[in-house]
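Student: I would like the atomic coordinates for the input below:
(2 chains)
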Amino acid sequence: MHIVDRRLNPGGKSLENRQRFLRRAKALVQGAVKKTSQDRDIKDVLEGGEVTIPLDGMDEPRFRREGGTRDMVLPGNKKFVEGDILQRPNQGGGRGTGPGEGDSEDAFRFVLSRDEFVNLFLDDLELPDLAKRKLAEAESEGLHRAGYTTSGSPANISVSRTVKLALARRVALRRPRPAQIAELEAEAAEADEPRRSELLAQIRALKAKAKRIPFIDPIDIRYRRFETVPKPVAQAVMFCLMDVSGSMSEHMKDLAKRFYMLLYVFLKRRYRHVEIVFIRHTDRAEEVDEDTFFHGPASGGTLVSSALQAMHEIVRTRFRPADWNIYAAQASDGDNMTSDSLLTGRLLTEQILPVTQFFAYLEVGEAANYTFDMPDSSLWTLYERLRSEGAPLAMRKVSERSEIFPVFQDLFKRRGKQERATP
Amino acid sequence: MTMTGERLFEGADWDFRTLQRVHDACEQIAKSELGLDVYPNQIEVITSEQMLDAYSSVGMPLFYKHWSFGKHFAFQEASYRKGYMGLAYEIVINSSPCISYLMEENTATMQTLVIAHAAFGHNHFFKNNYLFRQWTDADGILDYLEFAKGYIAHCEDRYGRHAVELTLDAAHALMSHGIDRYPGKKKLDLRTEEKRAGDRRAHEESAFNDLWRTVPAGPAKTRAALTAERRRTLLGLPQENILYFLEKTAPRLQPWQREVLRIVRHIAQYFYPQSQTKVMNEGTATHVHYRILNRLHQQGRISDGNFLEFLQSHTNVVFQPDFDDPRFSGFNPYALGFAMMQDIERIVTEPEDEDREWFPDIAGKGDVMGVLRDVWANYRDESFIGQFLSPRLMRRLRLFHLHDDPAETAGIRVDAIHDERGYRRVRRELARQYDVGFIDPNIEVIDVDLEGDRRLMLRHTVVKGSQLVETDTRRVLQHLADLWSYDVVLTEVDTTDKVLKEYVVSPRILPAVA
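Tutor: Have a look, this model is predicted:
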């Protein structure tokens, strides 16, 4: 008898079958994922979880029969005698299916892992193809080991390789070893005259040879070679700008938060390293931590330019546009001092937009959804004008929690070359 | 009570030495006292995730890749995580050596139970039952699966994953009709099968010459010479093994597609005996583990506490809810099988007059294991129940027979119960429930219109008015038509040859098949 411990075998034997299944059901699963994520709390959007898909196209048909005369033998008779007639049970209350018989149900539910869920959710989205796209692919140079070279800076000498080559050369040229000479010398000290001079001559010859063949020759020396390779910028910074003046309600902040989180998940998938900078503003702006950003109390007027100015400062000091992909999302209820419009417009078009990959403006409204009956807010009007003048801005209005996902999907939907994210 | 051994283990913990001791103790009892004849055992300890993996590839340790297994895995994983479904304690594979998977979560008592159950009970049944001996090749199955997996992966590389998937989908839909139900051909030898598959491919490759395609065929035979009768004989019709028929005669299949059909057919055939012997197989294994564990307890090799733990699991396993119990979902094969084995033991050792009348051959014969071994070797569920279900057991289970005729408006009639007038009828009906001839619809290929549009004709013989479900049937026929490449007609006829329904399905245009 053999006992085999299989527990340490690599797991995930079914992984490939599972991927094949997901690929086959992709359209269906994707639909289900979007539907599920709409009713979900944003924190859980990363969590994966259960989805239900219709079985259409995923069925495994077999020849099955139904109807006709049925005969069955059952256990547990309590009172029947031969010839009794039993009332038929109501139609529809038929026999339930066992837990294994997923095939016979018309919907199919199963659990997706977190990665599968996020991938499916973001699958048909891509970063908008803006004018500064070149920068998105901007590559910085990195060094990469690439073998050895015969020339280079002394700091890059590869000792082990050099010694190895020297040894090979010494062996090939038969350089006498010190031990060999010492041995002959010892023998010479003991030997008789004719033999001794013979030995001494031999020792001299060996010593001369050892001198001619250096221990390490310049031709042995090897340097570590480095190649410069282009490295895609793998880091991004995301600026969250939010108006926290008194007119922003909790509901509006919640909407903004949802949008920020989606953007974060999305960027996180694309870039290895994503930093977030929170800038809140009333009539003056400050960089804060996340908790203060969403929950800290603040009051005052509204000057959007202050936030843009703060962002510009931070970019200038901490995030060199050549090294960072810069994304910004601004959320506001749309109020702004009329006198601030000019400055805001100038900051945006001259300082902010040239360095950012993407700038999205999200105008959040109350749940009662009256935003659409109201005249456009001052900020919306301003941005609308800038956009019509050619500034690459994306803008959307949101007033319900359930609209966040569609708006996000819409902003980043994969598009044709010409089309752009337009409101 | 005889005290012959040390305790095998204390408490619930076990290690590999414990398993070895348990196996040796079970083996000693199984061989010397029960006279079992088993394949060599291989015990593999696995995690719950690996158990789920095994579930989704029909319990086999290796299998080819297909999306449907992923679907089952996803479904089972979901139900397992939500607690709708527990996992089996073990899976046992009919191979030589006989592989039993044990879950790592099991306690020492459970491992003992499982080793006795699977490594000796099932193992003996696999090696000795006539159906398994006739239809399966325990020595070759693992090698064959290895070959199948490799071959299908190779086809995917060569002909594209999509084309292979289409063929497998179609083959799976017809899997239950890819079985030879009657012996006659020689026993399946999977090693030779694998070798022949390799030879076929090599020959095709060496003999392939594209030029031959343009050579015109010889003068056609006169049509009148080929009578319908002769044509059917040449094609081996009627044929109920649809996959076999397609593999041999479908006009436009590629050689690799034929090989894929063959693989699916062989695997279906390998599992065929299992579906016919569920009650017996589980009954045998349960009876064996019950005897071995009792004996171990008698010998003092497992403690009273552990024995109670065993009894509790055993009782759960053989629990049979009544028909009106919400937990009822048909007969529990463990319960029915075990009850019948115990009943046979009683008849052999302490028969009553009734038993002597019903079972003159075995009543009071004394040699329990001799009788049981003979039963295990020579019956399947249908014949086993038809022969050995005793009146006493029918009374104990309080069996009754319902006859539900939709034409009868008054309701369902109780046709027979567990009384003198009903014993034989109840027993006959219960045996019929396990008759494969009634479980699968009887569908045959009856003819091919060779001179016309090459349509393939099938017939479903309707029994007791039970017709095919339309949506599923259309889907299966679609797969069948895709393989056949021409129209397929299925007629449903009742026993008086009256046509009840006719399906006609045309093949989809498939680049892969064309």
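Student: per-domain residue ranges of chain A.
Tutor: Here chain A is described, according to automatic domain parsing, as comprising the domains A:14-58+A:104-123, A:133-138+A:233-411, A:148-225.
Student: could you redo those domains as TSV and give each row mean neighbour count?
Tutor: Yep, even glycine has a C-beta here, placed from its N, CA and C like the rest. Shown next, in TSV, are those (neighbours: other CB atoms under 10 Å in any protein chain shown):
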stretch	mean neighbour count
domain A:14-58+A:104-123	17
domain A:133-138+A:233-411	18
domain A:148-225	13
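Student: so which of those domains gets nearest chain B?
Tutor: Minimum separation from chain B across the domains of chain A (CB to the nearest CB) falls at domain A:14-58+A:104-123, 3.2 Å.
Student: quick one on the thing from earlier: mind checking the domains of chain A for the one nearest to residue A:1?
Tutor: The closest approach between residue A:1 and any of the domains of chain A, judged by CB to CB, belongs to domain A:14-58+A:104-123 at 28.3 Å.
Student: residue in the stretch 51-200 of chain A nearest to chain B?
Tutor: Sorted by distance to chain B under CB to the nearest CB, the residues of the stretch 51-200 of chain A start with residue A:76, at 2.6 Å.
Student: hey, where'd the helices end up in the stretch 251-400 of chain A?
Tutor: With DSSP state H, counting those that start in this stretch applied, the stretch 251-400 of chain A shows helices at A:290-295, A:304-318, A:341-347, A:378-388, listed in chain order.
Student: ok, the spatially most central residue of chain A - contacts?
Tutor: Centre of chain A computed as the mean C-alpha position; nearest residue by CA atoms, centre = their mean is residue A:269, 2.2 Å away. Listed by CB atoms under 8 Å, 6 or more residues apart in numbering or on different chains, the contact set of residue A:269 reads A:118, A:119, A:122.
Student: close enough to count as contact, the first one and residue A:265?
Tutor: Yes - with contact defined as CB atoms under 8 Å, residue A:118 and residue A:265 form a contacting pair (6.4 Å).
Student: In chain B, which residue sits nearest chain A?
Tutor: With distances taken as CB to the nearest CB, chain B approaches chain A most closely at residue B:322, which sits 2.6 Å away.
Student: From residue B:418, how far out is the closest residue to that residue other than its chain neighbours?
Tutor: The spatial neighbour of residue B:322 that comes closest, neighbours along the chain excluded (CB to CB, 6 or more residues apart in numbering or on different chains), is residue A:76 at 2.6 Å. Computed as CB to CB, to the nearest Å, the residue A:76 to residue B:418 distance reads 11 Å.
Student: The two - which one has more neighbours?
Tutor: Here residue A:76 and residue B:418 are compared on neighbour count by other CB atoms under 10 Å in any protein chain shown; more neighbours surround residue B:418, at 21 against 15.
Student: Please report the distance of the closest residue to the more buried one other than its chain neighbours from residue B:58.
Tutor: Leaving aside its chain neighbours, residue B:418 sits nearest to residue B:394 (4.4 Å; criterion: CB to CB, 6+ apart). With the distance defined as CB to CB, residue B:394 ends up 34 Å from residue B:58.
Student: neighbour count winner among those two?
Tutor: residue B:394 (23 against 14).
Student: Can you classify the more buried one by secondary structure?
Tutor: helix (DSSP: H, G, I helix; E, B strand; the rest coil).
Student: how far away is it from residue B:340?
Tutor: Distance, residue B:394 to residue B:340, by CB to CB: 11 Å.
Student: Following the helix or strand of chain A with the lowest mean pLDDT in sequence, what is the next regular element?
Tutor: Averaged element by element with mean pLDDT, DSSP states H and E, chain A has its least confident helix or strand at helix A:133-136 (a mean of 42). Elements were assigned by DSSP states H and E; along the chain past helix A:133-136, the next helix or strand is strand A:139-149.
Student: if you average pLDDT over that next one, what comes out?
Tutor: Per-residue pLDDT values across strand A:139-149 average out to 77.
Student: Residues contacting the helix or strand just after that strand, please?
Tutor: Scanning forward in sequence from strand A:139-149, with DSSP H and E defining helices and strands, the next element found is helix A:159-172. Under the criterion CB under 8 Å, 6+ apart, residues A:148, A:213, A:215, A:216, A:217, A:219, A:220, A:221, A:222 lie in contact with helix A:159-172.
Student: could you measure residue B:473 against residue A:72, distance?
Tutor: If you go by CB to CB, the gap between residue B:473 and residue A:72 works out to 24 Å.
Student: May I have stretch B:315-328 as PDB, with CA atoms only?
Tutor: Extracted C-alpha coordinates of stretch B:315-328, given in PDB (Å, rounded to 0.1, in the frame of the first residue of the first chain):
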ATOM      1  CA  THR B 315     -26.200   6.000  11.000                       C
ATOM      2  CA  ASN B 316     -26.200   9.300   9.100                       C
ATOM      3  CA  VAL B 317     -25.000   7.600   6.000                       C
ATOM      4  CA  VAL B 318     -27.700   4.900   6.000                       C
ATOM      5  CA  PHE B 319     -30.500   7.200   6.900                       C
ATOM      6  CA  GLN B 320     -33.600   6.800   4.700                       C
ATOM      7  CA  PRO B 321     -36.200   9.500   5.100                       C
ATOM      8  CA  ASP B 322     -39.900   8.500   4.400                       C
ATOM      9  CA  PHE B 323     -41.600   9.700   1.200                       C
ATOM     10  CA  ASP B 324     -43.400  12.500   3.000                       C
ATOM     11  CA  ASP B 325     -40.300  13.700   4.800                       C
ATOM     12  CA  PRO B 326     -39.100  17.100   3.500                       C
ATOM     13  CA  ARG B 327     -35.600  15.600   3.300                       C
ATOM     14  CA  PHE B 328     -36.800  12.800   1.000                       C
END
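Student: Thank you, goodbye.
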